[in-house]
Structures are given as structure tokens and as C-alpha cells.
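Colleague: sequence? don't have it. structure:
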Ligand SMILES: C[S@@+](CC[C@H](N)C(=O)[O-])C[C@H]1O[C@@H](n2cnc3c(N)ncnc32)[C@H](O)[C@@H]1O
């Protein structure tokens with residue numbers, strides 16, 4: 001089996017996607033759920049880190065985007081460790097009894113960290129859209145947390161720099177789900193990307209990268 005993409009992925013591992021995957025810290029042999037996976041940039045990074053042992057379950061509600069993910073995984077020869085699941089995460093988590101070592105929720109967000117690429121987003125935000133988006137992020141976080149085994153890791157990430165979608169969603173989640181607690185990102189990414197409270201954060205001004213956020217949360221044993 002080839003792992004040709006691994007080297008290429010490692011070369012570009014310094015972008016936001018690679019850094020968020022570093023916060024997840026995938027290890028060979030692990031079972032990982034990528035909850036909002038398509039089109040699959042982070043799935044591919046995680047799959048390459050498994051070195052042929054373990055599985056990334058790539059869940060997404062969008063069948064077309066998931067198909068692209070599957071084809072890309074095959075092209076990059078990591079399809080043997082990627083299994084796609086077409087589902088609404090909230091329903092999948094209700095019905096799935098198997099718990100995984102690591103779960104990544106790269107949540108749908110306002111995209112406020114990538115405005116330089118998506119100028120259209122600047123003018124399209126309405127207050128009620130934001131409230132709906134925050135409720136969806138909360139529901140998806142609760143669903144994702146059900147898939148984590150005791151002692152396992154849940155990473156919540158967005159490509160937003162808005163605290164309402166980031167720190168505030170994590171704080172609300174920890175109030176609802178006290179069996180989870182924060183684990184600092186400091187062990188996984190360079191210190192310039194770690195906030196005082198232990199979150200991963202990149203911003204276009206300081207890092208010349210797209211804005212992105214990730215929180216690493218541990219489930220008690
Ligand atoms: C920010 S994008 C994910 C990007 C992806 N992680 C990557 O690295 O390429 C958010 C994804 O969430 C998916 N999504 C939105 N609501 C969902 C739901 N209820 N269940 C599963 N996936 C959902 C969307 O289809 C979209 O592909």
C-alpha cells in the first residue's frame with residue numbers, strides 16, 4: 001500500500017488544516033470520527049497520519065461533497081483507512097453505539113476567518129442567521145460528544161475568528177457536559193498559535209494564515 005500523500009501532506013502541514021489536525025493528534029491504530037468531513041481536507045491529513053492502521057469515519061450530510069472526499073481519498077491512496085458515512089450527524093450519533101478514540105467536529109460556521117477568500121460572506125450575515133448557526137453548532141457539539149469513548153478526545157474547530165462561534169460555544173458545551181474538560185493545545189502546535197486559555201487560534205494578521213480556531217476537550221474516564 002502506498003502512502004505517497006503523507007509526505008506531500010506533511011510538507012504543507014503548516015496551514016490551518018494541518019494545524020487543526022495536529023491538535024487532534026491522530027495516531028496509527030486509532031478510530032477517529034470526522035463529523036463534518038466534506039470536502040475532506042482534514043480527513044485526508046488524519047488518514048495519512050494513521051499509516052495504514054486504524055480508521056477515519058468521514059460523516060457528512062452532503063452526499064455530493066462526500067463523493068468528492070471518497071474519490072480524493074482513493075487518488076491519494078488513503079482510502080483503505082477512510083470510511084464515508086452519509087448522514088445528519090445528530091441522527092448518526094443517536095443511533096451509533098460504538099465510541100471512538102478521537103472525534104473532530106469541524107463545524108459549519110460563518111467563515112469569518114476566511115473573508116479574504118470569500119468576499120461574498122461579508123455582506124450576507126444577518127443576526128437571525130447567526131443565532132441559527134450557533135444553535136446548530138451547539139447541537140452538533142452535543143452529537144459529536146456522544147461518539148467519544150471515556151478517556152477520548154473531542155476537537156471542536158471552525159474557520160471563524162468570532163468568539164461567539166468559538167470560545168462561547170465551548171464554554172456553553174462544558175456547562176452542559178461536565179464529563180468533558182479542556183486540554184491545552186500547547187503540546188500539539190507551536191506556542192504562537194496557543195491562546196492564554198489553551199485554545200488553538202490562527203489569524204490573518206499575526207500568522208498570515210486564514211483565521212481558524214480549535215479546542216481540544218477530553219472526556220473523563
Ligand atoms: C466547514 S465544512 C467542513 C470542512 C471539512 N472538515 C474539511 O476540512 O474539508 C462543514 C461541513 O458540515 C456539513 N454539515 C452541516 N450540517 C451537518 C449535519 N447536520 N450533519 C453532518 N454534516 C453537516 C456540511 O455539509 C459541510 O460539508
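Modeller: Perfect, thanks for sending it. From a predicted model like this one, the values you see are computed outputs, not experimental measurements.
Colleague: So residue 22: helix, strand or coil?
Modeller: Judged by DSSP: H, G, I helix; E, B strand; the rest coil, the three-state class of residue 22 is helix.
Colleague: Per-residue pLDDT of residue 112, please?
Modeller: Reported pLDDT at residue 112 in the predicted model: 73.
Colleague: So it sits against residue 211, correct?
Modeller: Yes - if you go by C-beta atoms under 8 Å, residue 112 and residue 211 touch, sitting 6.6 Å apart. For every residue, glycine as well, the C-beta is placed using N, CA and C.
Colleague: Pick out whichever of these two has more residues nearby.
Modeller: residue 211 (24 against 20; other C-beta atoms under 10 Å).
Colleague: Tell me the backbone dihedrals of the more buried one, please.
Modeller: Main-chain torsions, residue 211, degrees, to the nearest 10: phi -70, psi 140.
Colleague: same question, residue 205
Modeller: For residue 205, the backbone dihedrals are phi -70, psi -50 (criterion: degrees, to the nearest 10).
Colleague: What residue, apart from its backbone neighbours, is nearest the residue nearest to the spatial centre of the chain spatially?
Modeller: The chain has residue 106 as the residue nearest its centroid, 3.2 Å off, counting by C-alpha atoms, centre = their mean. Leaving aside its chain neighbours, residue 106 sits nearest to residue 157 (4.9 Å; criterion: C-beta to C-beta, 6 or more residues apart in numbering).
Colleague: Please, which helix or strand holds the one you found?
Modeller: Assessed by DSSP states H and E, residue 157 sits inside strand 148-158.
Colleague: What ranges does this structure have for its strands?
Modeller: 31-34, 55-60, 82-86, 100-106, 148-158, 180-183, 200-202, 212-219 (DSSP state E).
Colleague: ok, and for the shortest one, which residues are buried?
Modeller: Spelled out, that is strand 200-202. For strand 200-202, the neighbour count (16 or more other C-beta atoms under 10 Å) marks 200-202 as buried.
Colleague: What average pLDDT does it get?
Modeller: For strand 200-202, mean pLDDT rounds to 96.
Colleague: again with the fourth one
Modeller: The predicted model gives strand 100-106 an average pLDDT of 98.
Colleague: Show me which residues of the protein are close to the ligand?
Modeller: Counting by C-beta under 6 Å from any ligand atom, the residues of the chain close to the ligand are 17, 36-42, 59-62, 65, 88-90, 106, 108.
Colleague: before we move on, the earlier item: ok, the residue nearest to the centre of the chain touching residue 35?
Modeller: Yes - under the criterion of C-beta under 8 Å, residue 106 makes contact with residue 35 at 7.3 Å.
Colleague: for the chain, what helix or strand is lowest in average pLDDT?
Modeller: Ranked by mean pLDDT, DSSP states H and E, the weakest helix or strand in the chain is helix 4-11, scoring a mean of 40.
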